[in-house]
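Peer 1: no sequence for this one, just the structure:
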């Protein structure tokens, strides 16, 4: 009897009618002989409403109490799904994070799952029930409620699938799967049938918002097969699985773009050992995550150091950069919020040379200047002017995906 | 160091501003050297919203899942109160029913408290924290969330006060206390300074909605001193305490009225033994609570039997009465929804004769016909036409409360 974990996002349970549709879908699985564990997010808009209430009282609400308030969104959703199922004659039971229990560390608002006790879930499944688990939440050893951070329901689903050794973890969302590029920008963007964990992690970290990156890491670690699909159709979506040889045939799996970063440049930095370390230590000490870093070639003993950070951290990062700039005798700090990071991702890059060169060529042909470059084994990212972002994505998609000669190389 | 349990109803925490005001009030108590345990209801309207969601899915939502959904209202409120207190520099911690834990039986939607483990609350109080407990909810031995039924937050507060041996249980509400009659009807209604548990139970069961009756029973059983007061002022409200000799001096403490009942009459019932038993057994078997019962004097071997039930049960009760009527060969069933039950309540009745006579006299003088009468040691209730309800309350209030000679007798 196959065991399936089905995760529904906020949009999929956003109204009473949609909850009924989720229940119908679950009923169908049960009737096909599957054991089903459902993981649900809060109804769309609910988490934001709850966060709003806490913010009306405090700019920095106490994290433990914030979790107390915000975790209720999922609790409401799982109770409603269970009621809907029972109304259709399917036996069901909802479980909060502490009822499972899903143990986490005590890093409130961004807790990590430490372990899952599967006894109660197995017992309820053996009793013939559908088990509906609240996503996004857990409980500490001391019995305090925690939340896993935004998008944490994906992590709950994958962790449960791993703990229960489920046959598949289905992630239902409002899009039909993972695309080769953002379909709102690229008309010819295609649904990807199969993608490796590693590629998906790069896509997720680069702004393709289908899945939370931490949940993909988790799936990779425990070999959980993920199937991302639309909650509105019955079509197959995108499978996220272990990489295989077949996959390496494709040099570029997808093109992603990210507009959330800002670039900060410390100008005319004396080119001495330890200067860069001083800057990035100061940023790290203040919990600011730096993404790309570029240091120009030294010119007459001076250089420029640029880095990018998430826009929400940019004010603070600029302040720190200014302080360090003064200390080290640099000329000053410049900031640019109008930038975009465009990336091409694909396992095939490991074995196919020339992807980087082709990428630069395409951008150059469109007259797009590259501010910075960063690479991994399966990804190349270029920082460009924000106003060229859509043009760059379209051109790269055409070159690497639509023009099959450029995208797929047969060994 | 005095220990105080403070319970706030939905109106008192109905907006973010009101939650801040609650926090201010708690802060004041802490600064005056009190240990404070807060019990909160859900923000007003929230419980109804949550119930509405469950009803959209099912006319009879599964009770366990209903509790899962509905219990979130209080959880949000306690988290917000705690955030508000911390923002004011007062250390606080919120606890749900299962976190305390407050153990109940598994009668979902109307569970009864079985025991309260006070270890965690004492530990948090000893750490100098204000403890904020979710009202209206508990947990079964199996770890399922239960709710105590409407108004159950009062019971939570009183039960906690008993378990913690608190010096007083303060019930904050949107009125200044318990009144001698409904102030919306009787202009001269006065706040009662002190009332016995027994009187309060009668008042509560008769429609004075300040406190849930079960919570007063609980307070009586464990001798918890209750202080009902307004959450909007600092004035003293009404103390609910053990009866004392002083109290017996007053024959009538208050006048209450209840418009929620319907009267059903089985007409021309053959007057044989066992007929009434048959009717009321059928009602009882279907969980319909019957309040007043009147059987007329038999006339030529036939009699009429009337009884009252809550209006929400009236359709079902009428259906049952019709069935029994046919079985026993009665003439038929009549129903009247336009009735009112008017009651005078007072400990002093135990020792002062003539209250009933005076009550009938007052009603008669106003030309109000009495359909039925029921009495206890400290209460007389009369069933009358609904259209005379306000007139009856005003006249009785004048006779027993405002006219001091009629109300208070000095031994």
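Peer 2: Okay, I see it. Since the structure is predicted, the reported quantities are computational estimates derived from the model, not experimental observations. Numbers count the residues shown, from 1 in each chain, chains lettered A, B, ... in the order given.
Peer 1: Let me see the contact set for residue A:82.
Peer 2: Residue A:82 sits next to A:92-94, A:130, A:132, B:62, B:65, B:68 when contact means Cβ atoms under 8 Å, 6 or more residues apart in numbering or on different chains. C-beta: built from backbone N, CA, C; applies to glycine.
Peer 1: So which bits of the stretch 51-200 of chain A are right by chain B?
Peer 2: Selection of the stretch 51-200 of chain A residues close to chain B by Cβ under 8 Å from any Cβ of the partner chain yields A:53-54, A:56-58, A:61-62, A:64-66, A:68-69, A:71-72, A:75-76, A:78-80, A:82-84, A:86-87, A:92-94, A:96, A:98-99, A:143-145.
Peer 1: Quick one: end-to-end length of stretch A:174-185, please.
Peer 2: This stretch, stretch A:174-185, spans 17 Å end to end (Cα to Cα, to the nearest Å).
Peer 1: Quick one: mean pLDDT over that stretch.
Peer 2: Mean pLDDT, stretch A:174-185: 88.
Peer 1: Any buried residues in it, and which?
Peer 2: A:175-182, A:185 (16 or more other Cβ atoms under 10 Å in any protein chain shown).
Peer 1: thinking again about what came up before, from the residues of the stretch 51-200 of chain A next to chain B, list the buried ones, please.
Peer 2: Using 16+ other Cβ under 10 Å, the buried ones in those are A:53-54, A:56-58, A:61-62, A:64-66, A:68-69, A:71-72, A:75-76, A:78-80, A:82-84, A:86-87, A:92-94, A:96, A:98-99, A:144-145.
Peer 1: Tell me which of the residues you listed fall in strands.
Peer 2: Here DSSP state E is the test, and those give A:92-94, A:145 as lying in strands.
Peer 1: where exactly do the helices run in the stretch 151-300 of chain A?
Peer 2: For the stretch 151-300 of chain A, applying DSSP state H, counting those that start in this stretch gives helices covering A:152-163, A:197-205, A:213-222, A:245-248, A:275-285.
Peer 1: ok so, going back, and which of the ones in strands among the buried ones among the residues of the stretch 51-200 of chain A next to chain B is nearest chain B?
Peer 2: Of all those, residue A:94 has the smallest distance to chain B: 5.4 Å, by Cβ to the nearest Cβ.
Peer 1: Mind pulling up the pLDDT for the closest one?
Peer 2: Note for residue A:94: predicted pLDDT of 98.
Peer 1: hang on, the earlier thing: out of the contacts of residue A:82, what pair is the most spread apart?
Peer 2: For those, the farthest-apart pair by Cβ to Cβ is A:130 and B:68; their separation is 14.4 Å.
Peer 1: how about low-confidence regions in the stretch 301-411 of chain A?
Peer 2: For the stretch 301-411 of chain A, residues meeting the criterion pLDDT under 70 lie at A:404-411.
Peer 1: Pick out the residue of it closest to chain B.
Peer 2: Nearest residue of the stretch 301-411 of chain A to chain B (Cβ to the nearest Cβ) works out as residue A:312 at 21.6 Å.
Peer 1: doesn't that residue fall inside a strand?
Peer 2: No: Residue A:312 sits outside any strand when classified using DSSP: H, G, I helix; E, B strand; the rest coil, being helix.
Peer 1: picking up where we left off before, could I get the helices of the stretch 151-300 of chain A in TSV, plus columns for mean pLDDT, mean neighbour count and distance to residue A:21?
Peer 2: As requested, the helices of the stretch 151-300 of chain A are arranged in TSV below (pLDDT from 0 to 100; neighbours: other Cβ atoms under 10 Å in any protein chain shown; distance: least, Cβ to Cβ, whole Å):
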stretch	mean pLDDT	mean neighbour count	distance to residue A:21
helix A:152-163	95	27	18
helix A:197-205	86	24	27
helix A:213-222	90	21	24
helix A:245-248	79	14	33
helix A:275-285	89	15	46
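Peer 1: how about the nearest residue to residue A:113, chain neighbours excluded?
Peer 2: residue A:159 (4.9 Å; Cβ to Cβ, 6 or more residues apart in numbering or on different chains).
Peer 1: Any figure for the gap between the one you found and residue A:218?
Peer 2: From residue A:159 over to residue A:218 the distance is 6 Å, taken as Cβ to Cβ, to the nearest Å.
Peer 1: Same question for residue A:52.
Peer 2: Per Cβ to Cβ, residue A:52 is found 30 Å from residue A:218.
Peer 1: With residue A:275 instead?
Peer 2: Noted for residue A:275: a distance of 38 Å to residue A:218, by Cβ to Cβ.
Peer 1: same deal with residue A:84?
Peer 2: 29 Å.
Peer 1: which ones are touching residue A:310?
Peer 2: Neighbouring residues of residue A:310 by Cβ under 8 Å, 6+ apart: A:260-262, A:289, A:291.
Peer 1: And for residue A:71?
Peer 2: In this structure, residue A:71 makes contact with A:96-97, A:134, A:136-137, A:145-147, B:75, judged by Cβ under 8 Å, 6+ apart.
Peer 1: ok, of those residues, which one's closest to residue A:242?
Peer 2: Nearest to residue A:242, judged by Cβ to Cβ, of the contacts of residue A:71 is residue A:136 at 26.5 Å.
Peer 1: Find the nearest non-adjacent residue to that closest one, please.
Peer 2: In space, residue A:136 is closest to residue A:152, 4.1 Å off (Cβ to Cβ, 6+ apart).
Peer 1: Kindly report the same for residue A:268.
Peer 2: Leaving aside its sequence neighbours, residue A:268 sits nearest to residue A:331 (Cβ to Cβ, 6+ apart; 3.6 Å).
Peer 1: you'd agree that neighbour is up against residue A:265?
Peer 2: No: with contact defined as Cβ atoms under 8 Å, residue A:331 does not reach residue A:265; the gap is 10.3 Å.
Peer 1: Please consider this matter closed, and thank you.
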